[in-house]
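K.L.:
Compute the structure for the input listed below.
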Amino acid sequence: MTPIHAPFDRWDPAPLSELATMFSNLDCHWWVAGGFAIELAVGRPFRSHDDIDVLLLRRDQLAAQQALAGWQWWAADPPGSLRPWTSGEALPHGVHDIWCRPGPDDPWRIQIMLDESHGQDWVSRRAPRVRRPISTLGMTSAAGIPFLAPDVQLFYKARAPRPKDEADFDMVLPLLTKRQRRWLVDAITKTYGPHPWTKRLEA
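P.N.:
All right, here's what the predicted structure looks like:
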């Protein structure tokens with residue numbers, strides 16, 4: 001299908017409470033991801049956000065259409081272009097992002113991110129040898145909102161850290177357990193090679 005270009009501007013991220021209401025009844029795993037996941041790990045907001053991300057396993061991707069019934073869903077296929085994601089369509093490997101908004105004149109509200117799995121394991125789409133049990137992939141906030149564990153979120157941010165990623169790293173680093181630090185160092189080293197974060201993680 002030829003991509004249909006849609007405007008990439010006009011974001012108005014859905015608040016966490018609204019997002020939790022829409023996704024809480026799904027019969028599958030889901031996690032708040034991105035910068036909001038780091039803030040949930042820290043326990044308080046500390047910076048602004050351009051969007052809000054929800055992570056689903058690819059095998060559960062159609063749950064997004066269930067949670068956001070009546071919305072518009074646009075897949076980044078290929079990356080850099082958006083095209084409508086049709087009802088019931090299974091997005092293939094290589095398509096990881098879906099932008100969602102209530103209607104054509106509304107701003108984007110939620111970005112869905114798809115990740116891979118094998119059996120009971122989460123598998124990194126960037127390095128298939130980086131994996132861990134799905135049961136350890138996330139945590140739950142005091143308000144009952146599931147979010148991506150900070151070591152996993154930092155692993156993705158480590159690919160090409162932007163100023164906001166560095167800020168997230170600085171804020172959550174003191175809260176990482178020894179086990180999280182070890183896992184993150186190993187995942188970063190396997191995937192990206194030498195990295196300025198590893199020395200601080202090992203300190």
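
K.L.:
List the beta-bridge partners for the residue most central in space within the chain.
P.N.:
By CA atoms, centre = their mean, the mean C-alpha position of the chain lies nearest to Ala33, the distance being 3.6 Å. Beta-bridge pairing of Ala33 under DSSP bridges involves Asp53.

K.L.:
residue contacts, it?
P.N.:
Taking CB atoms under 8 Å, 6 or more residues apart in numbering, we find Ala33 in contact with 53-55, 113, 147-148, 153. No exception for glycine: its C-beta is placed from N, CA and C like everyone else's.

K.L.:
By mean pLDDT, flag the weakest helix or strand of the chain.
P.N.:
Here the helix or strand of the chain ranked lowest by mean pLDDT, DSSP states H and E is strand 82-84, holding a mean of 94.

K.L.:
Enumerate the helices of this structure by residue range, in sequence order.
P.N.:
Ranges of helices in the chain, per DSSP state H, are 16-23, 35-42, 62-67, 150-157, 163-172, 178-192, 196-202.

K.L.:
now these in a markdown table, with mean pLDDT, mean neighbour count and distance to Thr136?
P.N.:
Shown next, in a markdown table, are these (pLDDT from 0 to 100; neighbours: other CB atoms under 10 Å; distance: least, CB to CB, whole Å):
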| stretch | mean pLDDT | mean neighbour count | distance to Thr136 |
| --- | --- | --- | --- |
| helix 16-23 | 96 | 16 | 20 |
| helix 35-42 | 98 | 23 | 14 |
| helix 62-67 | 98 | 19 | 21 |
| helix 150-157 | 98 | 24 | 9 |
| helix 163-172 | 98 | 16 | 17 |
| helix 178-192 | 98 | 16 | 9 |
| helix 196-202 | 97 | 14 | 18 |
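
K.L.:
Kindly reformat those as a markdown table and extend each row with distance to Asp106.
P.N.:
Below are the helices of the chain laid out as a markdown table (distance: least, CB to CB, whole Å):
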| stretch | distance to Asp106 |
| --- | --- |
| helix 16-23 | 13 |
| helix 35-42 | 20 |
| helix 62-67 | 17 |
| helix 150-157 | 27 |
| helix 163-172 | 25 |
| helix 178-192 | 36 |
| helix 196-202 | 37 |
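
K.L.:
Which residue is the nearest non-sequential neighbour of Pro13?
P.N.:
Leaving aside its sequence neighbours, Pro13 sits nearest to Ile52 (CB to CB, 6 or more residues apart in numbering; 4.0 Å).

K.L.:
same question, Met22
P.N.:
Ranked by CB to CB, 6+ apart and with sequence neighbours excluded, the top spatial neighbour of Met22 is Ala67, at 4.9 Å.

K.L.:
Please determine how far the one you found is located from Asp97.
P.N.:
According to CB to CB, to the nearest Å, Ala67 and Asp97 sit 16 Å apart.

K.L.:
Tell me which residues touch the residue nearest to Met22, please.
P.N.:
When contacts are counted by CB under 8 Å, 6+ apart, Ala67 is found next to 22-23, 25-26.
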